[in-house]
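# based on what follows, work out the 3D shape:
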Amino acid sequence: MTAFRTWYADFEFQVMLFGLTNAPAVFMDLMNRVCKPYLDKFVIVFIDDILVYSKDEEEHEKHLKIILELLKKKRLYAKFSKCDFWLDSVQFLGHVIDRSGVHVDPAKIEAIKSWATPTTPTETLKQKLYSAPILALPEGTKDFVVYCDASLKGYGAVLMQREKVIAYASR
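Sure thing, here's the model as predicted:
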């Protein structure tokens, strides 16, 4: 298995991509370093996916030019046959990216809102873990709560702040 950290979360693959040891982690680290000045301002990077978002078409043209020139400068090239340009919105890793920025996919929120109220701590933990793809950024350093559960077969933990999932772990 291969685990790697992105700007947004930690991920783990069951099968090695590209057939090379640590290839995803090394490439993800490269992309994060290359795009760092623009991450979360108008670009999101996940391995070889580069998502550029802007408020209007004029701004988007500038952002695309910045990123494509940055890639060229670093000798990284996009395969245009695999690219989509000028989309109004994109669903990506449980989020929707559009001209107003990055948002949690509303379908994910509705799915969680429709859950039955948990009656045991284990059910509470399961619900927190199932909602894990919808992560929030921490706000300050207060009001954190950790839910955890363990057995002879595994463990799970969820870090929350003000009823929002910040991070999770399970094994």
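# would you list the phi and psi of Met28?
The phi/psi pair for Met28 (degrees, to the nearest 10) reads phi -60, psi -40.
# surely it is in contact with Ile47?
Yes. Met28 is in contact with Ile47 according to Cβ atoms under 8 Å; the separation is 5.5 Å. For glycine as for every other residue, the C-beta is placed from the backbone atoms N, C-alpha and C.
# the more surrounded of those two?
Met28 (19 against 16; other Cβ atoms under 10 Å).
# from Phe46, how far out is that one?
8 Å (Cβ to Cβ, to the nearest Å).
# cool, and Ala107?
19 Å.
# neighbour count for the two, which is higher?
Per other Cβ under 10 Å, whichever of Ala107 and Phe46 has more neighbours is Phe46, with 17 against 10.
# okay, and the beta partners of that one?
Beta-bridge pairing for Phe46 (DSSP bridges): Asp49.
# quick one: it from Lys55, how far?
Taking Cβ to Cβ, one finds Phe46 at 22 Å from Lys55.
# again, but for Thr117
Thr117 sits 40 Å away from Lys55, going by Cβ to Cβ.
# before we move on, what about Val145?
36 Å.
# any stretches of this protein with poor pLDDT?
Across the chain, the ranges flagged by pLDDT under 70 are 1-24, 118, 124-134, 152-153.
# mind listing what's buried along the longest helix anywhere in the chain?
When the chain is parsed with DSSP state H, its longest helix is helix 57-73. Buried residues in helix 57-73, counted by 16 or more other Cβ atoms under 10 Å: 60, 63-64, 66-67, 70-71.
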